[in-house]
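>>> Compute the structure for the input listed below.
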Amino acid sequence: MATIDTSIEINAPIDKVWDIISDLDAEPKFWKGTKETKIISRDGNLITREIVIAFRDSKCMQKITLEPKERIHAEFTEGIIKGSKTLNLKSKDAGSLLEANWDIKMGGLAGMFTGMIKKHIRSGTEQAIESIKKQAESS
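Residues are numbered from 1 along each chain as shown. The predicted structure is shown next:
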């Protein structure tokens, strides 16, 4: 399994950061590894969706749990990625702390590329949370 833990301090209130990260349709704007998203169903704070990731335009299914203004947990249920991505949001001084945690492995033959792909995911995650910070602090 590849575990990736990153975080960033954002000089903006939790409400503003939450509005950005909980807009699941806007995810490709920040997360360059996510090319497309399509919500299949929504039942309260539980969402099932299909995403297309940059790695070979692979389709993956996710089950997402929203815990408003605290956490977004995305479990990969079908596709080349196995595991989860979790965004945690916490108060920090006058602003917010956004943590992104991955616990994944690549399925099938792609499993041998997990190490290489981990570098891309870490880089993409760092870039994504930096973009989220920039948007939250500018508006």
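>>> what residue ranges in this structure score low on pLDDT?
139 (pLDDT under 70).
>>> Now do the helices in it.
14-21, 27-30, 114-138 (DSSP state H).
>>> quick one: contacts of the shortest one?
With contact meaning Cβ atoms under 8 Å, 6 or more residues apart in numbering, helix 27-30 is reached by I20, T34, K35, E36, T37, I51, A128, S131, I132, Q135. Placement of C-beta: from N, CA and C, glycine included.
>>> Identify the residue spatially nearest to the spatially most central residue of the chain, adjacent ones excluded.
In the chain, the residue lying closest to the centroid (Cα atoms, centre = their mean) is K85, at 5.5 Å. Closest residue to K85 apart from its sequence neighbours, by Cβ to Cβ, 6 or more residues apart in numbering: A74 at 4.7 Å.
>>> ditto for T77
M61 (4.7 Å).
>>> what's the distance between the one you found and G33?
Noted for M61: a distance of 16 Å to G33, by Cβ to Cβ, to the nearest Å.
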